[in-house]
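Novice: Pasted the sequence and its predicted model underneath.
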Amino acid sequence: MPPTKVILDMDVGVDDALAILLALRSPELDILGITAVAGNAPLSMTANNVLRVLEAAGAPEIPVARGAARPLTREPEAALHVHGNDGLGGAPVPQPSRLTFDDRPAAAFISDIVMAHEPGEITLIPTGPMTNVAHLLREAPQTAARLNRIVLMGGAFALTPYGFGNVTSVSEFNIWADPEAAAELFASGMDITAVGLDVTTDPTGSINAERHEILRRSADPSAQIAATVSAQVLERYGVVNLHDPLAVTSVIDPTLIQTQRYPVEVITVDGSTRGQTIADRRARRRSDSPNAAVATAVDGPRFLDLIFSRLTQRA
Ligand code: BDR
Ligand code: CA
């Protein structure tokens, strides 16, 4: 099988960084480019962090474009309390020697790449707020329709014991940060797979202290980056959830997650339900109008095996 051509759209971000490291080590993927969006940190930081991680991982040649510095209609609200003052957990990942980005904004960058390929050839993996994707849908809807599919990290669907929110009791960060953008995406008719907190916070697929030690002790440069970037999160929360790596993994090996199709509604009103993603479980609605495949289970041990085997292979 030829590798799947992918574009990563991210707000790097501790777990976004791990997702890049994993993608770079995965022969099943051909990374055509990475686009940055504001989310975990301001755009200047998330874009710079893409360059930092790529260079540290020995892949400075991958094209990077900057996207939206703010959500469609709201003020940006970063999550530096989770991801550290630099968005990368304060890790000693050097500043990049290259400080150049593609001239085009993310939506145009993605659109040009998609148009240069056959319809259905490219998979987009958004692991930050959906703002860049919404701009793509608004500015180049015909191009967006040429995407193979969108596999996103986002949402909390109340479909597993872990499917509750991480910003409010019901809202996941990527959707909460720009609910209007997410609502446009879920209403777009595109082929969407949503990998949400229901599966990404399953403890069987998360890094605990013992597993972190394996990364820390590995001589592989990718394991070293992963260990240092995630150390602060581990110290603060006692666990490192692999949200964004799981979205990437479900493109590498779709058998690692189970999905079910639902009509998904994104709540855009202010208050504690802002950014809630409601999967309508009523049988009639499910068969009539599903708009996304939502992840309902993950094979945690096999997922961790895949990540660890790839990040520690040069030990
Ligand atoms: C998502 O939000 C960000 O903090 C993480 O990078 C992940 O994409 C988890 O809610
Ligand atoms: Ca992210």
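Specialist: Looks like it came in fine. Ligands and ions are numbered 1, 2, ... in the order given.

Novice: Break down this protein into its helices, ranges please.
Specialist: With DSSP state H, the ranges of helices along the chain come out as 14-24, 43-56, 80-83, 106-115, 131-139, 141-144, 173-177, 179-186, 197-200, 209-217, 221-237, 243-252, 283-288, 300-311.

Novice: What is the neighbour count of the residue of the stretch 201-315 of the chain found nearest ligand 2?
Specialist: Per CB to the ion, residue 244 is where the stretch 201-315 of the chain lies closest to ligand 2, at 4.8 Å. Backbone N, C-alpha and C define where each C-beta goes, glycine included. Residue 244 has 33 neighbours, counted by other CB atoms under 10 Å.

Novice: interface residues of the protein facing ligand 2?
Specialist: The chain comes close to ligand 2 at residues 11, 13, 16, 127, 128, 244, as judged by CB under 5 Å from the ion.

Novice: For residue 71, which non-adjacent residue is spatially closest?
Specialist: Spatial nearest neighbour of residue 71, excluding adjacent residues (CB to CB, 6 or more residues apart in numbering): residue 178 at 3.6 Å.

Novice: Counting neighbours, what do you get for that neighbour?
Specialist: Residue 178: 32 surrounding residues under other CB under 10 Å.

Novice: Touching, it and residue 133? I think so.
Specialist: No - because the distance of 9.6 Å does not satisfy CB atoms under 8 Å, residue 178 is recorded as not touching residue 133.

Novice: Residue of the stretch 1-150 of the chain closest to ligand 1, please.
Specialist: Closest to ligand 1 within the stretch 1-150 of the chain is residue 13: 4.1 Å, counting by CB to the nearest ligand atom.

Novice: Surely that residue touches residue 43?
Specialist: No - with contact defined as CB under 8 Å, residue 13 does not count as touching residue 43 (11.9 Å).

Novice: okay, the two: which has more neighbours?
Specialist: residue 13 (33 against 21).

Novice: tell me the contacts of the more buried one?
Specialist: Residues counted as contacts of residue 13 (CB atoms under 8 Å, 6 or more residues apart in numbering) are 39, 40, 41, 46, 49, 83, 87, 88, 127, 128, 244.

Novice: In space, what's closest to it - neighbours in sequence excluded?
Specialist: Nearest residue to residue 13 in three dimensions, chain neighbours excluded: residue 40, at 4.0 Å (CB to CB, 6+ apart).

Novice: Let me know the pLDDT of the one you found.
Specialist: Listed pLDDT for residue 40 reads 92.

Novice: repeat for residue 283
Specialist: As predicted, residue 283 sits at a pLDDT of 84.

Novice: Begin at 753 from now on, thanks
Specialist: Yes, from this point I'll number from 753; that puts the last item at residue 1035.

Novice: Mind putting the helices of the chain into JSON lines with distance to residue 907?
Specialist: Output for the helices of the chain, formatted as JSON lines (distance: least, CB to CB, whole Å):
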{"stretch": "helix 766-776", "distance to residue 907": "15"}
{"stretch": "helix 795-808", "distance to residue 907": "20"}
{"stretch": "helix 832-835", "distance to residue 907": "18"}
{"stretch": "helix 858-867", "distance to residue 907": "21"}
{"stretch": "helix 883-891", "distance to residue 907": "14"}
{"stretch": "helix 893-896", "distance to residue 907": "20"}
{"stretch": "helix 925-929", "distance to residue 907": "5"}
{"stretch": "helix 931-938", "distance to residue 907": "8"}
{"stretch": "helix 949-952", "distance to residue 907": "7"}
{"stretch": "helix 961-969", "distance to residue 907": "25"}
{"stretch": "helix 973-989", "distance to residue 907": "20"}
{"stretch": "helix 995-1004", "distance to residue 907": "11"}
{"stretch": "helix 1035-1040", "distance to residue 907": "16"}
{"stretch": "helix 1052-1063", "distance to residue 907": "18"}
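
Novice: Residue 753 is nearest to which of those helices?
Specialist: Comparison of the helices of the chain against residue 753 by CB to CB identifies helix 995-1004 as nearest, at 11.4 Å.

Novice: Would you agree residue 953 is in contact with residue 993?
Specialist: Yes - applying CB under 8 Å, one finds residue 953 in contact with residue 993, separated by 5.2 Å.

Novice: And the residue of the stretch 803-952 of the chain that's closest to ligand 1?
Specialist: residue 925 (3.6 Å).

Novice: contacting residues for that residue?
Specialist: 791, 792, 831, 918, 919.

Novice: Same question for residue 880.
Specialist: Going by CB under 8 Å, 6+ apart, residue 880 touches 761, 762, 763, 765, 768, 789, 790, 791, 792, 798, 926, 929.

Novice: Please report how far it lies from residue 1035.
Specialist: Counting by CB to CB, to the nearest Å, the separation of residue 880 from residue 1035 is 34 Å.

Novice: got it, and residue 900?
Specialist: In this view, residue 900 and residue 1035 are 29 Å apart by CB to CB.
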